[in-house]
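**Q** from the sequence below, what's the structure:
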Amino acid sequence: MQAIKLTGIRRMEMMEVPTPSLTRDDDVLIKMKTVGVCGSDVHYYESGQIGSQVVQYPFAVGHEGAGVVEAVGTAVTRVKVGDRIAIEPAISCGQCDQCRVGRPHTCRTLVFLGCPGQIEGCLSDYIVMPQACCFLLADHTTLEEGALSEPLAIGVYAVQQSVPMAGANIGILGAGPIGMSVFLPARAQGAGHIYVTDKIDERVALATAAGADWAGNPDREDVVAAITEREPAQLDVVFECCGEQEALDQAVALLKPGGKLMLIGIPPTAERVTFPIDTMRRKELTVQNVRRQHDCVQAALDLIGQPDAKVGQMVTHRFPFSETQAAFDLVANYREGVLKAMVVFE
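**A** Down below sits the predicted model:
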């Protein structure tokens with residue numbers, strides 16, 4: 001089979017590699033159909049690492065995927081050959097202290113598709129995953145929407161952990177795929193006013209069209225002043241979705257006393273960030289990190305099935321598998337107002 005692998009900084013190569021086989025009773029062989037290009041994939045493409053996770057070349061990234069079941073192990077009951085499925089990219093052990101207390105997403109030995117030192121990603125013709133990571137797609141759900149369930153599940157989980165009540169006013173700093181994946185479940189859950197920022201004008205326009213109460217570009221205006229003018233009491237929750245120090249500072253300034261800051265964005269290289277501790281202490285702010293998602297894939301797929309969700313609108317660009325590097329270059333350079341680029345295998 002063929003796989004696209006990183007071979008250096010901003011370099012990819014299509015390689016012939018062995019087709020994976022079923023080795024465990026609960027294994028599922030998946031023929032890949034579509035893979036979304038994630039910002040974390042692009043970090044590995046541009047710099048070869050995220051924090052302590054360093055690529056050893058050659059290596060295949062990619063973790064937002066959907067495909068068709070090609071073969072199943074003898075113990076598989078969850079899916080069958082021919083089923084269209086979304087893929088949960090995290091594999092937990094089920095036995096460590098974290099798994100036993102219901103935190104498989106922080107499993108001590110968790111492995112994740114396309115994460116250096118763990119397992120190769122899904123930018124290949126076939127992959128093998130345990131049946132627990134396979135989620136059946138409804139007839140009305142497209143394969144692209146199935147792939148989008150991965151970032152959307154992160155948004156669903158973040159909203160579950162933070163929005164205290166219907167009518168809560170929230171801010172989303174960074175309107176990329178993760179920011180919009182927060183926007184959609186927050187709106188569905190009955191958030192009050194939703195304020196969105198991004199440095200790409202096309203994303204600002206998309207957030208406005210999707211129903212944001214206000215959206216603005218921090219490179220063009222003082223977003224803290226603009227939002228505070230509309231919400232003098234300020235915001236209940238702010239989701240930082242871009243991994244930028246500037247956005248963290250804006251978030252602290254935007255939160256009301258007792259508010260909550262949700263950290264979702266991944267800084268591409270920085271090992272440390274800073275906070276204005278005097279302001280945070282006086283406001284008694286809560287800061288919570290979001291580690292991917294926890295048991296929210298099906299909830300994300302259910303949200304996708306709602307007629308007004310229109311999750312597929314996040315896909316702005318499509319590339320054939322052979323042009324994967326062009327997709328990565330587009331996303332890395334934020335060209336053409338890209339929100340989500342998809343790699344399509346047929």
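**Q** so which strand or helix has the residue nearest the centre of the chain?
**A** In the chain, the residue lying closest to the centroid (Cα atoms, centre = their mean) is residue 151, at 2.9 Å. Using DSSP states H and E, residue 151 sits in helix 143-160.
**Q** dump that helix to CSV, keeping only the CA atoms.
**A** Taking Å, rounded to 0.1, in the frame of the first residue of the first chain, the C-alpha atoms of helix 143-160 are listed here in CSV:
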residue,chain,number,x,y,z
LEU,A,143,-17.3,10.5,5.2
GLU,A,144,-16.0,14.1,5.4
GLU,A,145,-18.3,14.7,8.3
GLY,A,146,-17.1,11.5,9.9
ALA,A,147,-13.5,12.8,9.8
LEU,A,148,-14.7,16.1,11.2
SER,A,149,-16.1,14.3,14.3
GLU,A,150,-12.6,14.1,15.7
PRO,A,151,-12.1,17.9,16.1
LEU,A,152,-15.8,18.4,16.8
ALA,A,153,-15.6,15.9,19.7
ILE,A,154,-12.9,18.1,21.3
GLY,A,155,-15.3,21.0,21.1
VAL,A,156,-18.1,19.0,22.5
TYR,A,157,-16.0,17.9,25.4
ALA,A,158,-14.7,21.4,26.1
VAL,A,159,-18.2,22.8,26.2
GLN,A,160,-19.4,20.1,28.5
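**Q** packing partners for that helix?
**A** With contacts defined as 3 or more Cβ pairs under 8 Å, 6 or more residues apart in numbering; DSSP states H and E, helix 143-160 has these neighbours: strand 27-36, strand 64-72, strand 84-87, helix 177-188, helix 297-304, strand 340-344. For every residue, glycine as well, the C-beta is placed using N, CA and C.
**Q** give the pairing partners of the third one; include direction for each.
**A** Think strand 84-87. Using DSSP bridges, strand 84-87 pairs in its sheet with strand 64-72 (antiparallel), strand 134-136 (antiparallel).
**Q** residues of the longest one that come out buried?
**A** Under the neighbour-count criterion of 16 or more other Cβ atoms under 10 Å, strand 64-72 has 64-70, 72 buried.
**Q** ok, those residues vs residue 290, which is closest?
**A** For the buried residues of strand 64-72, the closest approach to residue 290 (Cβ to Cβ) belongs to residue 64, at 16.4 Å.
**Q** what does the domain assignment say about the protein?
**A** 2-151+293-344, 162-289 (automatic domain parsing).
**Q** need these in TSV with mean pLDDT, can you?
**A** Listed next are the domains of the chain as TSV, based on pLDDT from 0 to 100:
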stretch	mean pLDDT
domain 2-151+293-344	96
domain 162-289	95
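**Q** for residue 122, give me its contacts.
**A** Applying Cβ atoms under 8 Å, 6 or more residues apart in numbering to residue 122 gives the contacts 32, 35, 60, 62-63, 65, 67, 87, 89, 113-114.
**Q** any idea how far apart the tips of stretch 329-346 sit?
**A** Taking Cα to Cα, to the nearest Å, the first and last residues of stretch 329-346 lie 21 Å apart.
**Q** now tell me what touches it from outside.
**A** By Cβ under 8 Å, 6+ apart, the residues outside stretch 329-346 that reach it are 10, 31-37, 39, 42, 45-46, 62, 123, 125, 144, 147-148, 176-177, 180, 200-203, 206, 314-321, 324, 327.
**Q** if any of those are buried, give me the ChimeraX selection for them.
**A** Filtering these down to the buried ones (16+ other Cβ under 10 Å) takes a single ChimeraX command:
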select :32,33,34,35,36,37,39,42,45,46,62,123,125,144,147,148,176,177,180,200,203,206,314,315,316,317,319,321,324,327
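**Q** could you give the number of residues near the residue nearest to residue 212 when sequence neighbours are not counted?
**A** Closest residue in space to residue 212, ignoring its immediate chain neighbours: residue 196 at 4.5 Å, by Cβ to Cβ, 6 or more residues apart in numbering. Neighbours of residue 196 under the rule other Cβ atoms under 10 Å: 30.
**Q** got a list of what residue 196 touches?
**A** Contact partners of residue 196, counting by Cβ under 8 Å, 6+ apart, are 171-173, 175, 179, 183, 204, 207-208, 212, 214-216.
**Q** same check on residue 304?
**A** Residues near residue 304 by Cβ under 8 Å, 6+ apart: 141, 145, 148-149, 152, 311.
**Q** show me the two of those residues that sit farthest apart.
**A** It's 141 and 152 that sit farthest apart of those, by Cβ to Cβ, at 11.6 Å.
**Q** more neighbours: which of these two?
**A** Neighbour totals were compared for residue 141 and residue 152, and residue 152 leads with 31 against 22 (other Cβ under 10 Å).
**Q** which residues in the stretch 151-300 of the chain form strands?
**A** For the stretch 151-300 of the chain, strands defined by DSSP state E, counting those that start in this stretch occupy the ranges 170-173, 194-197, 214-216, 235-240, 255-263, 286-289.
**Q** out of those strands, which gets nearest to residue 24?
**A** Each of the strands of the stretch 151-300 of the chain has some distance to residue 24 by Cβ to Cβ; the shortest is strand 286-289, at 31.9 Å.
**Q** can I get the closest one in CSV? Just the C-alpha atoms.
**A** C-alpha atoms of strand 286-289 as CSV (Å, rounded to 0.1, in the frame of the first residue of the first chain):
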residue,chain,number,x,y,z
THR,A,286,-10.4,29.2,36.8
VAL,A,287,-8.0,27.8,34.1
GLN,A,288,-8.6,24.4,32.7
ASN,A,289,-6.6,22.5,30.0
